[in-house]
Structures are given as structure tokens and as C-alpha cells.
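# structure here, sequence nowhere to be found:
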């Protein structure tokens, strides 16, 4: 188990070991969920979408969301490369 400290503005640093383990890099979006009094972070990686695929089966929303996220990720990666 890793630990971190929350800053005054609510910011935390996710340790590099955990970021690498779940495939997070700069610009990765994170979904937050409260579950039984705990805060659960879900990095929006392809694996996250694979796990949640089917929740809205048949509605077409999943494909639209995947396309939107893919476009967001590509745009963010281009911006990072410019730096």
C-alpha cells in the first residue's frame, strides 16, 4: 500500500509505482467514486473502458464515449509532445 498527503487545495500525488502499474501518464483522466466511505480512483485507460464496456449495451453511447475519449487522448498527447 502506498501513501500520499493531500495539499491545501485538495491535490494529491499518485506515487510513480502505482501510476506505472495502472498505465497512467500525464494527462490521464481520472474518474472518482465514493464507495462505502472510501474514495476510489478509476484512471480512464483503455483497460477501464474494456471493463465498463457493456454497461449501456445497445444504446450507442459507449461507442460515442470511446470515440470522444480517444479523440481527447490523442489531442492531449499532441499537446504534451509540443512541450
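Sure thing, it's come through. Values in this document were obtained by computation on a predicted structure and should not be read as measured data. Numbering: from 1, shown residues only.
# what about residue 33, which SS state?
Of the three states, residue 33 takes strand under DSSP: H, G, I helix; E, B strand; the rest coil.
# immediately after the helix or strand of the chain with the lowest mean pLDDT, which helix or strand?
Sorted by mean pLDDT, DSSP states H and E, the helices and strands of the chain end with helix 46-52, the least confident at a mean of 67. For helix 46-52, the succeeding helix or strand toward the C-terminus, using DSSP states H and E, is helix 61-82.
# nearest residue to residue 45 other than its sequence neighbours?
Distances taken as Cβ to Cβ, 6 or more residues apart in numbering put residue 23 closest to residue 45, at 4.7 Å, once the chain neighbours are dropped. (Glycine included, C-beta is placed from N, CA and C.)
# who's in contact with that neighbour?
43, 45, 47 (Cβ atoms under 8 Å, 6 or more residues apart in numbering).
# I'd assumed residue 28 was in contact with the second one.
Spelled out, it's residue 45. Yes: in this structure residue 45 lies within contact range of residue 28 using Cβ atoms under 8 Å: 6.8 Å.
# okay, and the common contacts of these two?
In contact with both residue 45 and residue 28: no residue, using Cβ under 8 Å, 6+ apart.
# which among the contacts of residue 23 end up buried?
Among the contacts of residue 23, those that count as buried by neighbour count (16 or more other Cβ atoms under 10 Å) are 43, 45.
# ok, so of the contacts of residue 23, who is nearest residue 75?
The shortest distance between residue 75 and any of those, using Cβ to Cβ, involves residue 45 and amounts to 16.5 Å.
# which pLDDT value goes with that closest one?
The per-residue pLDDT reported for residue 45 equals 75.
# ok, now how distant is it from residue 3?
Distance of residue 45 to residue 3, given as Cβ to Cβ, to the nearest Å: 23 Å.
# tell me how many other residues surround residue 80.
When neighbours are counted by other Cβ atoms under 10 Å, residue 80 registers 11.
# hang on, it packs against residue 27?
Yes: between residue 80 and residue 27 a contact is recorded at 5.9 Å, counting by Cβ under 8 Å.
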